[in-house]
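Student: The amino acid sequence is not available; the structure is as follows:
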């Protein structure tokens, strides 16, 4: 059996580690947490990290517990302060959501070709139905995608968010 | 007087004959196999320039630039052939020889290092045939905002539809599906945006 020189083994280990480090670098799209009184609108934030300023478009699906929550309006998402471009969202069935959930697809890009920095990208308004028991609900991230300005796919991951529903309040802020 | 005139005519004839002979000799030199031994700039793999003969250049897999006599006259050796799309709406392509990669990419071309156009004059157009602009739904060579909106709507709901939004079929804008997987994703939308801004999305496979 042929034996490797110890130096070759060390170099292989170093190169493998470096390559592994490169492969794990990716854009993270994460839904945040929020607390909302029953029957009030809740704004779930969507933030990005690890973009390196090179992201020109993102797409992610939020799997929303249904019928506990429903999106507010046909396009329930709005861009964060100072974020350029457009955010478009719709309840899609492509692919079909798991039972007891709805799939809200969110696409953010700028028709002027701007790129995005890390931080808050958008918030999406949901409303907790009157029949929703108080408690904490997970907003599951699915199908996270990011693109650079040349249309190349960047590795991306999605992070779940959560909404805590509290007792009804007189005023919804 | 007459003798002087005759002498002048004779001298003129000889002058013309000598000039013609010199010209023929020069042409013979150029057309002879020995021409391959006249040194000029040669770009070798690794972008190294050497002033050597065409034969030596070819033997070392270099690109021989016969019109550049000396490497000191060569700004960069990172040269090659550039296949360019004739116009955004044209399916054809043309070749520019001896361009740098940056020049070629700046013109939305496809660049081939250390190659001349000789090998690409016929194959350049084929690089662009059947490659409409991403998001150019009506394939008229221009991507408009309305076409971008159409592409976004496809990405949202196609193929199984949306609950509260009318579904736009992929057939409304098949060119947005760059990777031909039957879907439209955000990276394809970004390419459509790039096309609408006059950038070079067709260069990206």
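Tutor: Perfect, I can see it now. None of the values given here were measured: they were computed from a predicted structure.

Student: shaky segments in chain A?
Tutor: Scanning chain A for pLDDT under 70 picks out the ranges A:1-25, A:170-173.

Student: Direction included, what does the longest strand along it pair up with?
Tutor: Longest strand in chain A by number of residues, with DSSP state E as the criterion: strand A:135-147. The strands beside strand A:135-147 in its sheet (DSSP bridges) come out as strand A:57-65 (antiparallel), strand A:153-154 (antiparallel), strand A:161-166 (antiparallel).

Student: What are the buried residues along it?
Tutor: Of all the residues in strand A:135-147, those buried under the rule 16 or more other C-beta atoms under 10 Å in any protein chain shown are A:137, A:139-147. For every residue, glycine as well, the C-beta is placed using N, CA and C.

Student: Let me see the ranges of the strands in chain B.
Tutor: Using DSSP E, strands in chain B cover B:40-44, B:48-52, B:63-65, B:79-85, B:93-100, B:110-113.

Student: actually chain A, not the one I wrote
Tutor: So, for chain A - with DSSP E - the strands run A:27-31, A:33-37, A:41-49, A:57-65, A:69-71, A:77-79, A:86-92, A:101-109, A:119-128, A:135-147, A:153-154, A:156-159, A:161-166.

Student: just checking, residue B:45 touches residue B:114?
Tutor: Yes - between residue B:45 and residue B:114 there is a contact under C-beta atoms under 8 Å: 6.7 Å.

Student: neighbour count winner among these two?
Tutor: residue B:114 (17 against 11; other C-beta atoms under 10 Å in any protein chain shown).

Student: Give me the most central residue, chain B.
Tutor: Nearest to the mean C-alpha position of chain B, counting by C-alpha atoms, centre = their mean, stands residue B:82 at 1.9 Å.

Student: Contact residues of chain A facing chain B?
Tutor: When proximity is defined by C-beta under 8 Å from any C-beta of the partner chain, chain A lies next to chain B at A:56-59, A:74, A:86, A:88-96, A:102, A:105, A:107, A:109-113, A:145-153.

Student: out of those residues, which are buried?
Tutor: Buried among those (16+ other C-beta under 10 Å): A:56-59, A:86, A:88-94, A:102, A:105, A:107, A:109-111, A:113, A:145-151.

Student: Contacts only, for the closest residue to residue B:144 other than its chain neighbours.
Tutor: Excluding the flanking residues, the one nearest residue B:144 by C-beta to C-beta, 6 or more residues apart in numbering or on different chains is residue B:196, at 6.9 Å. Going by C-beta atoms under 8 Å, 6 or more residues apart in numbering or on different chains, residue B:196 touches A:111, B:135, B:142-145, B:147-148.

Student: Starting from residue A:149, give me the distance back to residue B:196.
Tutor: 13 Å (C-beta to C-beta, to the nearest Å).

Student: tell me which residues of stretch B:79-86 are tucked away?
Tutor: Buried, per 16+ other C-beta under 10 Å, within stretch B:79-86: B:79-85.

Student: and if you look at stretch B:60-80?
Tutor: Across stretch B:60-80, burial judged by 16+ other C-beta under 10 Å covers B:62-65, B:68, B:71, B:74, B:77, B:79-80.

Student: Show me the contact partners of it.
Tutor: So stretch B:60-80 is in contact with B:38-45, B:47-52, B:54, B:57-58, B:98-101, B:104, B:111-116, going by C-beta under 8 Å, 6+ apart.

Student: give me that answer again for 6 Å
Tutor: When contacts are defined by C-beta atoms under 6 Å, 6 or more residues apart in numbering or on different chains, stretch B:60-80 is touched by residues B:40-45, B:47, B:49, B:51, B:54, B:57, B:98, B:100, B:111-115.

Student: Can you sort out which of those residues also neighbour chain A?
Tutor: Among the contacts of stretch B:60-80, no residue lies close to chain A (C-beta under 6 Å from any C-beta of the partner chain).

Student: Of these, just the buried ones, ChimeraX syntax please.
Tutor: Selection of buried members from those for ChimeraX, criterion 16+ other C-beta under 10 Å:
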select /B:40,41,42,43,44,49,51,54,57,98,100,111,112,114,115
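
Student: Spell out which residues of chain B are next to chain A.
Tutor: So far as C-beta under 6 Å from any C-beta goes, chain B lies against chain A at B:148, B:152, B:155-157, B:159-165, B:185-187, B:189-191, B:193, B:197, B:204.

Student: hmm, 7 Å instead?
Tutor: Residues of chain B lying close to chain A (C-beta under 7 Å from any C-beta of the partner chain) are B:145, B:148, B:152, B:155-165, B:185-191, B:193-194, B:196-197, B:201, B:204.

Student: re earlier: just tell me which of the strands paired with strand A:135-147 ends up closest to residue A:30.
Tutor: Proximity to residue A:30 (C-beta to C-beta) singles out strand A:161-166 among the strands paired with strand A:135-147, at 7.1 Å.

Student: Thank you, goodbye.
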